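# Just to be clear, the model below is a prediction. Sequence and coordinates:
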Amino acid sequence: MKIPQDRLNRYVGMRRDFAEEEYINLQPIQRGGILTEEARRAILEFGDGYSTCDWCPPKTARLDMITDPPIQQFYQDLAEFLGMDVARVVTRCREAKFIAFRMLGGAGDYVVLDSTAHYSSYIAAELAELRVKEVPNSGPPEYRVDLEAYAAKIDEVKKETGKLPAALLLTHIDYLYGNLNDAKVVAKIAKECKVPYILNCAYSAGIMPINGKELGADVLTSSGHKSWAASAPTGILAFNKSLEEKFTARSKMEGDLTKRKFGAKELAMLGCTVMGAPLITLMASFPEVVKRVERWGEEVEKVRYLVAELERIEGIKQMGMRPKMHTLTHMETESFYKVSETHKRKGYFLYDELRSRKIVGIQPGLTKHFKLNTYGLTWDQIRYVRDAFFEIAKKYGLKIS
Ligand SMILES: *Cc1c(COP(=O)(O)O)cnc(C)c1O
């Protein structure tokens, strides 16, 4: 079929609406994925298809064996940086979770997870044909996960099925409120009950210091495009020696006619994973990522400052646990909602007002509550965001204490 030229023309000279240089972008999922200069250069160099595969070793023929570019070394450094034994780069955090679920469980098994888990945790479990048992949270305003309740949920699963769950999964930083869950509490339960423990660090590893061994994780998952200054799709699956055999098991498939076998290929990785530019961006940003996690303390200072300032506006309140331990923040903004009810742009007024001040990333149409992420903003930008909110509040007659 012939595609009309005017439709093809739309793919020429595509531009992004929110250039990083022009706007302050508060979009929670985007702050940790902004590329470093080095990654920007690398993406040009390695943009072609299978660009990582020039020197694929013929015998082992596997991405993680390539030494130029230094992918093999990178996997080792990545594991070491995370305090885990083995690491693999996969396409996304959700794929890392899927692989872990698939290799740890069988159809009908349970995974016990926190009730603030990301949708992709549920879907990864579903595709792996597992069932979920949710650990409750306290609800508003803190939404604190009852970590001790993992033990009771394991018992529930045992009563129901006569066996242990396939895995426990804890979301280290939840995507809704930015709450930090104490990974060690669940690690202790996992160890006592002898259930493999997956710590989902999509919003933590790559921006804050993480040591999987110290936190007691058997498996650690993360997202390169969310938290490692890398292009999508990139994800990280790291695990400990005890699971290495399971997770890196080789293919046993044999062609019934040809008798061909693929015994060098890791089954769960489908042979090779990210074989081009996205992996290279992850590697190119790694030296900066290693440094930036050491500056996490200041990132937390900045978000606490902004939250305290924004809460001076009447009817604005931070949701989730206090004080903030992460830069992802959920604000309840009852007073902006009241303004929206009589505004001709309704819920879009706040978006318009922010955008006219070169601030984007607050979901259009939302005024009752919204999320923002201050990760990587300078102090000047933090103050600029505060001033913008103050201006908007004043314009609509809201009090600032
Ligand atoms: C963003 C997020 C994910 C999804 O990451 P992908 O790499 O896009 O799959 C998974 N879990 C949590 C907790 C997240 O915040």
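Received, thanks. Residues are numbered from 1 along each chain as shown.
# What parts of this protein come near the ligand?
Contact residues (C-beta under 6 Å from any ligand atom) of the chain with the ligand: 29, 92-94, 118, 120, 171, 175, 200, 202-203, 223, 226, 235. C-beta: built from backbone N, CA, C; applies to glycine.
# out of the residues you listed, which are inside strands?
Among the residues of the chain next to the ligand, the members falling in strands (DSSP state E) are 171, 200, 223, 235.
# returning to that earlier point: any chance of the residues of the chain next to the ligand in a markdown table, plus distance to residue 393 and neighbour count?
Formatted as a markdown table, the residues of the chain next to the ligand follow (distance: C-beta to C-beta, whole Å; neighbours: other C-beta atoms under 10 Å):
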| residue | distance to residue 393 | neighbour count |
| --- | --- | --- |
| 29 | 26 | 17 |
| 92 | 38 | 23 |
| 93 | 36 | 29 |
| 94 | 38 | 22 |
| 118 | 32 | 20 |
| 120 | 36 | 19 |
| 171 | 33 | 26 |
| 175 | 27 | 21 |
| 200 | 36 | 34 |
| 202 | 33 | 30 |
| 203 | 29 | 30 |
| 223 | 34 | 29 |
| 226 | 31 | 26 |
| 235 | 39 | 30 |
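# Sitting in helices, which of those residues do you find?
93, 94, 120, 226 (DSSP state H).
# mind listing what the last one touches?
Residue 226 sits next to 29, 32, 33, 93, 202, 203, 206 when contact means C-beta atoms under 8 Å, 6 or more residues apart in numbering.
# before we move on, back to that, of all the ones in helices among the residues of the chain next to the ligand, which comes closest to residue 37?
Nearest to residue 37 among these is residue 226, at 19.7 Å by C-beta to C-beta.
# Distance of the closest one relative to residue 233?
Distance of residue 226 to residue 233, computed by C-beta to C-beta, to the nearest Å: 11 Å.
# And for residue 401?
As judged by C-beta to C-beta, residue 401 and residue 233 stand 45 Å apart.
# Mind checking which of those two has more residues around it?
residue 233 (18 against 6; other C-beta atoms under 10 Å).
# got the phi/psi numbers for the nearest residue to that one once chain neighbours are set aside?
Among residues not flanking residue 233 along the chain, residue 91 sits closest, at 4.2 Å (C-beta to C-beta, 6 or more residues apart in numbering). As for residue 91, its main-chain torsions (degrees, to the nearest 10) stand at phi -80, psi -30.
# Confirm for me that residue 91 is in contact with residue 230.
No. In this structure residue 91 lies outside contact range of residue 230 using C-beta atoms under 8 Å: 11.5 Å.
# can you pull out the strands in the chain?
Listed in chain order, the strands of the chain (DSSP E) span 24-25, 86-90, 110-114, 131-135, 167-171, 197-200, 219-223, 235-239, 316-319, 328-333, 359-360, 369-373.
# How about residues contacting the third one?
Outside of strand 110-114, the residues within contact range by C-beta under 8 Å, 6+ apart are 101, 105, 121-122, 125, 130-135, 137, 145, 147, 150, 153-154, 157, 160-161, 165-171, 174, 181, 195.
# Save the ones in helices among the residues of the chain next to the ligand as CSV, and put in pLDDT too.
Output for these, formatted as CSV (pLDDT from 0 to 100):
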residue, pLDDT
93, 98
94, 98
120, 98
226, 98
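# Now the buried members of the contacts of strand 110-114.
Neighbour-count burial within these applies to 101, 105, 121-122, 125, 130-133, 135, 137, 145, 147, 150, 153-154, 157, 165-171, 174, 181, 195; the criterion is 16 or more other C-beta atoms under 10 Å.
# Tell me which of the strands of the chain lies nearest to residue 254.
Of all these, strand 86-90 comes closest under C-beta to C-beta, at 24.3 Å.
# elements contacting the closest one?
helix 71-81, strand 235-239, helix 241-247 (3 or more C-beta pairs under 8 Å, 6 or more residues apart in numbering; DSSP states H and E).
# and residue 397, how many neighbours?
By the measure other C-beta under 10 Å, the count of residues near residue 397 is 9.
# and it, what pLDDT?
Looking at residue 397, its pLDDT is 97.
# for the one 3 residues further on, same thing?
Predicted confidence (pLDDT) at residue 400: the value is 97.
# out of residue 91 and residue 230, which sits in the busier spot?
Shown here are residue 91 and residue 230; by other C-beta under 10 Å, residue 230 has more neighbours (34 against 19).
# Next, the contact list for the more buried one, please.
Applying C-beta under 8 Å, 6+ apart to residue 230 gives the contacts 33, 35, 39, 224, 278, 281, 282, 285.
# any idea how far residue 281 is from the third one?
Which is residue 39. Going from residue 39 to residue 281 by C-beta to C-beta gives 4 Å.
# intersection of neighbour lists for these two?
Listed as contacting both residue 39 and residue 281 by C-beta under 8 Å, 6+ apart are 229, 230, 231.
# just those residues now: which is nearest the ligand?
Using C-beta to the nearest ligand atom, residue 230 is the member of these that lies nearest the ligand, at 10.0 Å.
# Right, I'll call it a day here.
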